[in-house]
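Enquirer: Kindly return the folded structure for what I paste below:
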Amino acid sequence: MLIGDSVVGGICGLVESSADVSNSFSMAEICGNSEIGGNIGTGPSKNCFYSKDLFLKEDFGGPVETKDLTSRLYGFSGDIWERGSYTKGTENGRYRSDNYTLIRLKGVGKAQSGELRMYNYFTVTGDSWRYYNPITTADEFQKLTQNSAMWRRNYVLQSDIDLSGRNITPIGNEVTPFYAHFSGDGHKISNLIINQPDSDNVGLFGYVSGWLYDIITENGSITGRNNVGGIFGYASGTRGRCVNGNAVSGVRNVGGICGESQTPIIDGINIGTVTGTENVGAICGSENDNVKNCWYNSDTSGARGIAGEDLEGPFSYRENARIQTFPESWKFCGTLSEKYKQIGNAVPCNLAKEIGQSIQETLKELAE
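Expert: Got it, this is the predicted structure:
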């Protein structure tokens, strides 16, 4: 791994116009703020390659997948270079472990080999496998929020994260956006507190040019000024399947999922309160015609619509009843508010059934 502020490259940081860098490849993770590249930080190169599994930004030279780096000999003499190998592992849901051995100079040292942890970021059945870094503890997550050099790597949560009592700042800012893939993998991030009333682009993620999936937050609060959201403040990448349970407050462009988004928001749910002065939406603060299959709870959000107007609408009491696994034939009495309270205070029907069956089985065993 190579980490620097500016002019950082896998082969060379700065290459003068009179220099010649050619016929090279890089497998390094590169992190920096400006003029960074998989091969060259800044300057010319020829027939150089780097792994796009590890480095996402376009660079001088050609990006190839790790599996291609193991066999690529174009521009390299086969007399002195020895091919490597790449083996895909067995898929286990959205996880897979691949093994590789890189090409090497014949008779020189030992070929570099290793394991790549791969994750399918889009769907279980889709094909968006990428190398990832696991996050298992609150300490690891807090480090991610504080170190901008880490904002160009892919991550997957491996467990629920409790951020109680921790100093958390948004991941990504306008100078250094988060430019990678992040999946919560269905795990919860709870008790997040971000209090930056004088700052713009505030959220769990502040400024995003990457991809966010399957993130669930609960029991937290996020306060900012403009472009404030429960999941992210501002974004130009893809977000999908996110659930916000944080209270969100700001001035302008304030939303349960995002403050402002330049691209579609897909399959989002907000159950947190949202308050602001101008452009306030239960899902997205700014106007966005690409909010798709997103929902919010009108009892808790406090906002009038998804993004300036109701594109999908709040949960009806009947939809809440389905979530609580009530049969479609079940009748609720009283005013609309009383119906919502009956459903919200109820133990989910399927859960009650499982508890009852478990008690019945236990009593039967004791009787025998």
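
Enquirer: Now do the host helix or strand of Ile189, average pLDDT.
Expert: Ile189 is part of strand 188-190, with elements assigned from DSSP states H and E. Mean pLDDT, strand 188-190: 97.

Enquirer: Spell out which strands sit alongside that strand in the sheet and which way each one runs.
Expert: According to DSSP bridges, strand 188-190 forms sheet pairs with strand 161-162 (parallel), strand 216-218 (parallel).

Enquirer: Show residues contacting the shortest one.
Expert: For strand 161-162, contacts defined as Cβ atoms under 8 Å, 6 or more residues apart in numbering pick out 135, 137-138, 141, 187-191. For glycine as for every other residue, the C-beta is placed from the backbone atoms N, C-alpha and C.

Enquirer: for the residues you listed, which one is nearest Thr362?
Expert: Closest to Thr362 out of the contacts of strand 161-162 is Lys188 (30.4 Å), distances taken as Cβ to Cβ.

Enquirer: before we move on, back to that, could the strands paired with strand 188-190 go into TSV alongside distance to Gly37 and mean neighbour count?
Expert: Compiled in TSV, the strands paired with strand 188-190 are given as follows (distance: least, Cβ to Cβ, whole Å; neighbours: other Cβ atoms under 10 Å):
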stretch	distance to Gly37	mean neighbour count
strand 161-162	32	20
strand 216-218	34	21
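
Enquirer: Looking at the ones you listed, which is nearest to Gly272?
Expert: Gly272 lies closest to strand 216-218 among the strands paired with strand 188-190, at 7.9 Å (Cβ to Cβ).

Enquirer: what's next to the closest one, contact-wise?
Expert: 184, 186-190, 192, 204, 230-231, 242-246, 272.

Enquirer: Write a ChimeraX command that selects only the buried members of the residues you listed.
Expert: Those of the contacts of strand 216-218 that count as buried under 16 or more other Cβ atoms under 10 Å are selected in ChimeraX with:
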select :184,187,188,189,190,192,204,230,231,242,243,244,245,246,272
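
Enquirer: thinking again about what came up before, go through the contacts of strand 161-162 and name the one nearest Val280.
Expert: For the contacts of strand 161-162, the minimum distance to Val280 (Cβ to Cβ) is 23.1 Å, reached by Ile189.

Enquirer: I'd say the closest one and Leu204 touch.
Expert: Yes: contact criterion Cβ atoms under 8 Å: Ile189 and Leu204 qualify, at 6.8 Å.

Enquirer: Can you pull the residues that touch both of these two?
Expert: Contacts common to Ile189 and Leu204, judged by Cβ under 8 Å, 6+ apart, are 215, 217.

Enquirer: Poorly predicted segments of the stretch 51-200 of the chain, please.
Expert: Applying pLDDT under 70 to the stretch 51-200 of the chain picks out residues 52-67, 72-76, 123-126.

Enquirer: go again using 50 as the cut-off
Expert: For the stretch 51-200 of the chain, the stretches flagged by pLDDT under 50 are 58, 60.

Enquirer: can you pull out the helices in it?
Expert: 66-69, 138-146 (DSSP state H, counting those that start in this stretch).

Enquirer: Next up, phi/psi of Ile359, please.
Expert: With angles defined as degrees, to the nearest 10, Ile359 sits at phi -60, psi -40.

Enquirer: How much space separates it from Asn350?
Expert: Computed as Cβ to Cβ, to the nearest Å, the Ile359 to Asn350 distance reads 15 Å.

Enquirer: what does Val8 give?
Expert: Taken as Cβ to Cβ, the span from Val8 to Asn350 is 53 Å.

Enquirer: and what of Val291?
Expert: Val291 sits 30 Å away from Asn350, taking Cβ to Cβ as the criterion.

Enquirer: These two: who's more crowded?
Expert: Ranked by neighbour count (other Cβ atoms under 10 Å), Val291 and Asn350 place Val291 first, with 23 against 11.

Enquirer: I'd say the more buried one and Ile265 touch.
Expert: Yes: the criterion here is Cβ under 8 Å, and Val291 meets it with Ile265 at 5.1 Å.

Enquirer: between the two, what contacts are shared?
Expert: Common neighbours of Val291 and Ile265 (Cβ under 8 Å, 6+ apart) are 283-284.

Enquirer: low-confidence ranges in the stretch 251-368 of the chain?
Expert: Scanning the stretch 251-368 of the chain for pLDDT under 50 picks out 308-312.

Enquirer: all helices for it, in order.
Expert: Using DSSP H, counting those that start in this stretch, helices in the stretch 251-368 of the chain cover 298-301, 317-323, 336-345, 349-367.

Enquirer: Could you tell me how many residues sit around Asn147?
Expert: Residues near Asn147, counting by other Cβ under 10 Å: 12.

Enquirer: Please report how far it lies from Gly250.
Expert: 25 Å.

Enquirer: And Phe49, by the same measure?
Expert: For Phe49, the distance to Gly250 (Cβ to Cβ) stands at 44 Å.

Enquirer: Next one: Phe141 relative to Lys339, how far apart?
Expert: 39 Å.

Enquirer: What of Thr176?
Expert: Applying Cβ to Cβ, the value for Thr176 to Lys339 is 48 Å.

Enquirer: returning to that earlier point: compare Phe141 and Lys339 and say which is more crowded by neighbours.
Expert: With neighbours defined as other Cβ under 10 Å, Phe141 and Lys339 compare such that Phe141 has more, 22 against 18.

Enquirer: Sweet, I'm off.
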